[in-house]
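Visitor: just to be clear, the model below is a prediction. Sequence and coordinates:
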Amino acid sequence: MYKNILVPVSFEADRNAKGAMQIAKVLRAEGGKITCLHVMEHLPKYATEYLPEGHMEAAKADIIEGLNSLVDGVENASTVVVEGHSSRSILGHASNNDVDLIIVASHQPDMQDYLLGSTAAKVVRHAKCAVHVLR
């Protein structure tokens, strides 16, 4: 059983965030905590110029709402939204917060993932704690 579980959440259609939360609840030790983390990737400056004013703030509010629905009713669960690079931000949060398990929902890999590496693959390779991958 794990005392501090990190569940990185991507809202892409093929990711199973609810399934990851179910696994986290089962693997959490009594009194343990679960943190749902979403990483907002940085957009290039030239791209943000074409977005309507307030777009990023609205997107962040939607993300927080989605994360809150995942932890609603789950004891000792919280949400965090950060900006940065996905795998580096996940690994950094895990390292800085004494996470002992990361549960990451992944998609079925395709050729691009084998050449470039997906976020889940990078987390698995570089995490200093246990990683559970949900497909």
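Guide: Done, it's in.
Visitor: alpha carbons only for contacts and neighbour counts from here, please
Guide: Noted.
Visitor: now the strand or helix carrying Val80: buried residues?
Guide: Element membership for Val80, per DSSP states H and E: strand 77-83. Neighbour-count burial for strand 77-83 flags Ala77, Ser78, Thr79, Val80, Val81 (criterion: 16 or more other C-alpha atoms under 10 Å).
Visitor: and those as TSV, adding pLDDT?
Guide: Shown next, in TSV, are these (pLDDT from 0 to 100):
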residue	pLDDT
Ala77	98
Ser78	97
Thr79	97
Val80	97
Val81	97
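Visitor: with distance to Cys36 added, can I get these in JSON lines?
Guide: As requested, the buried residues of strand 77-83 are exported to JSON lines (distance: C-alpha to C-alpha, whole Å):
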{"residue": "Ala77", "distance to Cys36": "8"}
{"residue": "Ser78", "distance to Cys36": "6"}
{"residue": "Thr79", "distance to Cys36": "5"}
{"residue": "Val80", "distance to Cys36": "6"}
{"residue": "Val81", "distance to Cys36": "9"}
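Visitor: now find how far off-centre the longest helix belonging to the chain is within its chain.
Guide: If you go by DSSP state H, the chain has its longest helix at helix 55-71. Its chain's C-alpha centre and that of helix 55-71 lie 13 Å apart, by C-alpha atoms, centre = their mean, to the nearest Å.
Visitor: re the thing from before, list the neighbouring strands of the strand holding Val80 plus their orientation.
Guide: strand 28-40 (parallel) (DSSP bridges).
Visitor: what helices or strands is the helix or strand following the partner strand leaning on?
Guide: Counting by DSSP H and E, the element after strand 28-40 in chain order, helix or strand, is helix 45-48. On a contact count with 3 or more C-alpha pairs under 8 Å, 6 or more residues apart in numbering; DSSP states H and E, helix 45-48 meets no helix or strand.
Visitor: show me how far helix 45-48 is from its chain's centre.
Guide: Taking C-alpha atoms, centre = their mean, the mean C-alpha location of helix 45-48 is offset from the chain mean by 24 Å.
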